[in-house]
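# output the structure for:
(chains A and B)
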Amino acid sequence: MSSFDQQQEAIKRQFSSAPPASPVVSCPKGALTEQEAKQWFDDFKHREEIPWNYPNDCCYNRAHVMARELQAVGVDVGKVWNYAPPPIAYIANPLRVSTSNDPKGYVEWGYHVAPTVPVADSRNNVTRMVLDPSIAASPMTPEQWKSLQGQPLSKLVFTNSEPYYRDEKGRVYPAPTNDEVSEIFDEHRSNREKNWRRDK
Amino acid sequence: MRKTGAETNESRRQFCKILLLLAGFPAMSSSQSAHGQLAAPLHGPDFVLEKVVSWVESANAEAELKLADGSLWKLKPGTRSYEDQRDVIGRAVRRNRELFLSGDRNRANVEIIIDARQLAVQEISSKETNGRYSVLFQGPPSVYYLRTDRPWFSQAFSLLRRSVSSGASFGAPDLVVAIDPAHSEIVAVKGLKSP
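Reported below is the predicted structural model:
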């Protein structure tokens, strides 16, 4: 093909009115579209058995349940852990999140965890996003999620969905039974009630 | 126009009020954040961290709760706190775990019942601040507090410190701990005996 023909083809491609080969961009395997990710986020947020408004505790249990459900439908789910900066300073420099879900108006943590999912945009670029209705209003990037927690020196660690709890030294622990996971939710909902009732 | 003496005094008073407000506001804020939520002490006078021996509900009478230390407690049905207390007792029975109860043993009156948890300590602050030590456990993300003016302080502090270096972990906890969630306060600690 001559260079003239090549230019002609290039111009045709630019101005062609023909539709692209497939107008529906399929997600890479295990990823969600942006709409799907938001839908999952909203569905989780409206689940009454999950105590989203008890930020004092429960992140590991919430992350476990979300990850388990996402994994069951084939999503390549992982977890992101944010640790307050060491050494021996988790208490001195905790993560701190402003929230109306605690009577004091904030909570302080040594660490925090939430599930991550791969999200594909309209061009099929995949970005890992955090689903954490306990502190966010929509899916967000890990860096945005970290910045909500008010400790610039904190450290993000990414894992697969398996660890139920991961300590700051990297030791991981498996999830308890489903019954125990439910009991933990019950306990935390009860604590949430105590948290508010005695301060009114 | 020159101000009269009275006007000048009034202006000074207003200026002083503003200064006092400006000086007081940050002081109040820092005090509040430094102290967090300093709770009124639980009245007790009895504090029990034990397993449930029996739990009997009756249709038209007070429910009876017997704990492993032999103490017997009566709970009045029909209140919101009763429903919560009932849930805590139910969880303790199902999980074969201790619960924490504050109340008056002689009158069998219950002040509060709280879930107890099996935990290991990750870190304790090296010094007390505003009359309390900060404690971080393995698992729960929040910072909790042990107040030095509580009757259980010495024993609890000793157990918590021992836990840090004991090799205990999230998967192998060495303590049973009760935390008052309303004030992030550790209200009872005891060693977890091996089964």
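
# may I ask which helix or strand of chain A has the lowest mean pLDDT?
helix A:3-15 (a mean of 61; mean pLDDT, DSSP states H and E).

# and the helix or strand just after that one, which strands flank it?
Where DSSP states H and E defines the elements, the next helix or strand beyond helix A:3-15 is strand A:32-33. For strand A:32-33, the paired strands and their directions (DSSP bridges) are strand A:111-120 (parallel).

# contacts for the following helix or strand past the partner strand?
Sequence order places strand A:126-130 as the next helix or strand after strand A:111-120, per DSSP H and E. Contacts to strand A:126-130, defined as CB atoms under 8 Å, 6 or more residues apart in numbering or on different chains, come from residues A:28, A:31, A:37, A:78, A:80, A:114-121, A:136, A:139-142, A:144-145, A:158. C-betas here are computed from N, CA, C, even on glycine.

# quick check: angle from strand A:126-130 to strand A:111-120?
Here strand A:126-130 runs at an angle of 150 degrees relative to strand A:111-120 (axes from the mean of the first three to the mean of the last three CA atoms, to 10 degrees).

# chain center to strand A:126-130, what's the gap?
The chain centre lies 8 Å from the centre of strand A:126-130; the measure is CA atoms, centre = their mean, to the nearest Å.

# is chain B contacted by the very next helix or strand once past it?
Going down the chain from strand A:126-130, the next helix or strand is helix A:142-147, by DSSP H and E. No - against chain B, helix A:142-147 shows no contacts by CB under 8 Å from any CB of the partner chain, the least distance being 14.3 Å.

# which helices and strands does helix A:142-147 pack with?
Under the contact criterion of 3 or more CB pairs under 8 Å, 6 or more residues apart in numbering or on different chains; DSSP states H and E, helix A:142-147 touches strand A:78-83, strand A:126-130, strand A:155-160.

# and these, which is most packed in?
strand A:78-83 (a mean of 22; mean count of other CB atoms under 10 Å in any protein chain shown).

# I'd like to know how many residues surround A:Glu69.
Using other CB atoms under 10 Å in any protein chain shown, A:Glu69 is surrounded by 16 other residues.

# dump the helices and strands packed on helix A:142-147 into JSON lines; add mean pLDDT as well.
Below are those laid out as JSON lines (pLDDT from 0 to 100):
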{"stretch": "strand A:78-83", "mean pLDDT": "97"}
{"stretch": "strand A:126-130", "mean pLDDT": "97"}
{"stretch": "strand A:155-160", "mean pLDDT": "97"}
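
# a markdown table for those strands, including distance to A:Arg192?
As requested, those are arranged in a markdown table below (distance: least, CB to CB, whole Å):
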| stretch | distance to A:Arg192 |
| --- | --- |
| strand A:78-83 | 22 |
| strand A:126-130 | 22 |
| strand A:155-160 | 27 |
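
# and those strands: which comes nearest B:Glu83?
strand A:78-83 (34.4 Å; CB to CB).

# angle of the closest one against strand A:111-120?
Going by the same axes, to 10 degrees, strand A:78-83 makes 140 degrees with strand A:111-120.
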